[in-house]
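Undergrad: need a structure here:
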Amino acid sequence: MSDVFKFNSGLRFLDKSVNVNERQNYDGWWKEQLQLYGTEVEYFVNTFSLSASDEIYGEQPTAQFADSKRIILALTLNENAVVMKQFGLVADDEITGFIHINTYYTIFGEGAEPKSGDVFDLSELGISRPGDRTGKKFEITERLDQDVNQINPLLGHYVWLIKAKRYDYSHEPGLEPEGASEQVDDDPLVDQLSKEVFDYDEYNANDDIYGDYV
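TA: Numbers count the residues shown, from 1 in each chain. Now for the predicted structure:
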């Protein structure tokens with residue numbers, strides 16, 4: 001095998017010790033493409049932390065969304081994507097997108113990464129929508145840094161590939177519902193009325209094996 005490389009001094013195009021400049025060119029290309037063809041979003045970081053959550057229930061009641069920051073993403077929006085679920089077909093919106101890694105570091109801090117549970121608002125797309133509508137919100141469900149067919153030329157790492165689904169508003173601190181949203185949910189008033197209807201204390205119901213009714 002040593003004779004195979006005798007005319008090119010052992011050069012390999014994917015030797016990352018010698019293709020640093022080429023990988024920097026790809027990094028710049030990705031950044032330029034996102035700036036030219038991307039859309040600006042309001043990005044909300046979910047402050048949920050595994051180390052701070054309840055180890056039994058896997059919940060962190062004090063978790064909230066940090067103040068939003070603006071970042072440009074390149075997105076492919078698949079609206080009304082039909083998905084088969086347990087109780088039938090559901091038409092929902094899905095997104096596949098790209099986030100430039102070094103740009104994300106600049107905005108959110110060195111070493112920060114997008115993660116499942118983060119939410120972004122298509123604020124720029126929502127500008128000039130009729131009525132009181134605003135941009136759609138999406139929750140990240142998956143983040144990849146390696147997909148050789150799409151994002152790793154010369155085996156470099158330049159962008160994150162993310163997948164997201166339409167966010168279902170749930171009154172978590174730090175987020176507001178989409179403008180003109182008619183999504184059915186239990187607002188604080190309905191929640192209080194529910195507690196009055198299901199007055200367990202009055203009937204001394206013994207069903208608090210996993211915690212009392214709240």
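
Undergrad: quick check, Ile107 in a helix?
TA: Yes - Ile107 forms part of a helix when assessed by DSSP: H, G, I helix; E, B strand; the rest coil.

Undergrad: give the partner strands of the longest strand along the chain in its sheet and their orientations.
TA: Assignment by DSSP state E gives strand 69-85 as the longest strand of the chain. Note on strand 69-85: by DSSP bridges, its sheet partners are strand 39-44 (antiparallel), strand 88-100 (antiparallel).

Undergrad: highest average neighbour count across those: which stretch is it?
TA: Mean neighbours per residue, mean count of other CB atoms under 10 Å, is largest over those for strand 39-44, with a mean of 20. The way it works is simple: take the backbone N, C-alpha and C, and place the C-beta from them, glycine included.

Undergrad: pull that one out as CSV, backbone CA atoms only.
TA: C-alpha atoms of strand 39-44 as CSV (Å, rounded to 0.1, in the frame of the first residue of the first chain):
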residue,chain,number,x,y,z
THR,A,39,-34.9,33.9,7.7
GLU,A,40,-34.6,35.7,11.0
VAL,A,41,-36.3,34.0,13.9
GLU,A,42,-36.8,34.8,17.6
TYR,A,43,-35.1,31.9,19.4
PHE,A,44,-36.1,31.0,23.0
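
Undergrad: residues contacting it, please?
TA: With contacts defined as CB atoms under 8 Å, 6 or more residues apart in numbering, strand 39-44 is touched by 65-75, 114, 118-125, 135, 174-175.

Undergrad: likewise for stretch 121-140?
TA: 39-42, 44, 68, 75, 77, 93, 95, 114-120, 162-169, 175, 178-180.

Undergrad: still on that earlier bit, weakest of the strands paired with strand 69-85 by average pLDDT?
TA: When those are compared on mean pLDDT, strand 88-100 scores lowest, with a mean of 81.

Undergrad: list the buried residues for the helix ranked longest in the chain?
TA: Scanning the chain for the longest helix, with DSSP state H as the assignment, gives helix 20-37. Under the neighbour-count criterion of 16 or more other CB atoms under 10 Å, helix 20-37 has Arg23, Tyr26, Asp27, Trp30, Lys31, Leu34 buried.

Undergrad: let's have these in TSV, adding pLDDT and distance to Tyr105.
TA: Formatted as TSV, these follow (pLDDT from 0 to 100; distance: CB to CB, whole Å):
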residue	pLDDT	distance to Tyr105
Arg23	95	17
Tyr26	96	17
Asp27	96	12
Trp30	96	14
Lys31	96	12
Leu34	95	14
